[in-house]
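1. got a structure for you, letters missing:
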């Protein structure tokens, strides 16, 4: 869902020349700017390594819920997988801007009681050390972009809450359009903070408008 929303903003933005998407299965999107690689094993990108050279930014939107997963399983698909991809990209594109979708409530101290928050915090901390320009996006409730197909079923039932939540608690609500635009602007101009909460995402999305 997040990846599709960010992709739509990239395809529509005049400053984005080319987009490469790595998917496990075809995404079903066709656009002159878009290139797609179908690749099953994200832990082993050796066979496509040469096709990952020359990019200015990576918008890493892959993630899973920790519900029903052990700490070890969640660590493997969150920390291990992200760092495996990030380390390769840092080697191939040392000046790359890396934008990582993490989550509200992430524990940067890595010492809290909530396991998923510690794992996300460890992932954030490792990425900040790996890239000169790395930005950790911590969105709350995200409103999908009109026309999106990959939307969780429960979002359709709670979408009516968005305007109320945005009005009453703006620090917890943003749109996927804002997330995508903020990532693009982070790559274009940078941002003073490495960790972006919802207010930062909304502010950064407005730059250049």
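-> Received it, and whenever you're ready, just let me know what you need. For clarity, every value in this text was computed on a predicted model and none was experimentally measured.

2. Residue 112 contacts residue 118, doesn't it?
-> Yes - taking contacts as Cβ atoms under 8 Å, residue 112 lies within contact range of residue 118: 5.9 Å. Any C-beta I mention is one placed from the backbone N, CA and C, and that applies to glycine too.

3. Settle it for me: which of these two has more neighbours?
-> Higher neighbour count among residue 112 and residue 118: residue 118, with 20 against 13, using other Cβ atoms under 10 Å.

4. Which SSE is immediately downstream of the helix or strand bottoming out on mean pLDDT in the chain?
-> Least confident helix or strand of the chain, by mean pLDDT, DSSP states H and E, is helix 153-158 with a mean of 67. Counting by DSSP states H and E, the next helix or strand C-terminal to helix 153-158 is helix 162-168.

5. Rounded mean pLDDT for the longest helix seen in the chain, please.
-> Secondary structure of the chain per DSSP state H: the longest helix is helix 115-130. Average pLDDT, helix 115-130: 96.

6. Would you mark the buried spots in it?
-> By neighbour count with 16 or more other Cβ atoms under 10 Å, helix 115-130 contains the buried residues 116-124, 127-128, 130.

7. Now residue 36: which helix or strand?
-> Taking DSSP H and E as the criterion, residue 36 maps to strand 34-38.

8. Residues contacting that strand, please?
-> 7, 11, 18-27, 29, 48, 51 (Cβ atoms under 8 Å, 6 or more residues apart in numbering).

9. Next: stretch 184-198.
-> With contact meaning Cβ under 8 Å, 6+ apart, stretch 184-198 is reached by 9-10, 13, 15-16, 56-57, 97, 99, 104, 108, 124, 128, 133-140, 170-174, 182, 200, 204-205, 207-208.

10. tell me the mean pLDDT over it?
-> On average, stretch 184-198 scores 96.

11. and if you look at stretch 1-8?
-> Here the average pLDDT along stretch 1-8 is 92.

12. mind listing what's buried in it?
-> Neighbour-count burial for stretch 1-8 flags 1-8 (criterion: 16+ other Cβ under 10 Å).

13. How far off centre is it?
-> Distance of stretch 1-8 from its chain centroid, counting by Cα atoms, centre = their mean, to the nearest Å, is 9 Å.

14. So residue 144 sits against residue 159, correct?
-> Yes - between residue 144 and residue 159 a contact is recorded at 7.5 Å, counting by Cβ under 8 Å.

15. Pick out whichever of these two has more residues nearby.
-> For residue 144 versus residue 159, the count of surrounding residues by other Cβ under 10 Å is larger for residue 144: 22 against 13.

16. tell me the contacts of the more buried one?
-> 1, 5, 151, 155, 159, 176.

17. Quick one: neighbours of the last one, just the number.
-> In other words, residue 176. Around residue 176 there are 24 residues (other Cβ under 10 Å).

18. Now the buried members of the contacts of stretch 184-198.
-> Among the contacts of stretch 184-198, those scoring as buried are 9-10, 13, 16, 57, 97, 99, 108, 124, 128, 133-140, 173-174, 182, 200, 204-205 (criterion: 16+ other Cβ under 10 Å).

19. Which members of the residues you listed occur in helices, if any?
-> Within the buried ones among the contacts of stretch 184-198, residues falling in helices by DSSP H are 9-10, 124, 128, 182, 200, 204-205.

20. now, among those, which is nearest to residue 83?
-> Using Cβ to Cβ, residue 124 comes nearest to residue 83 of these, at 11.0 Å.
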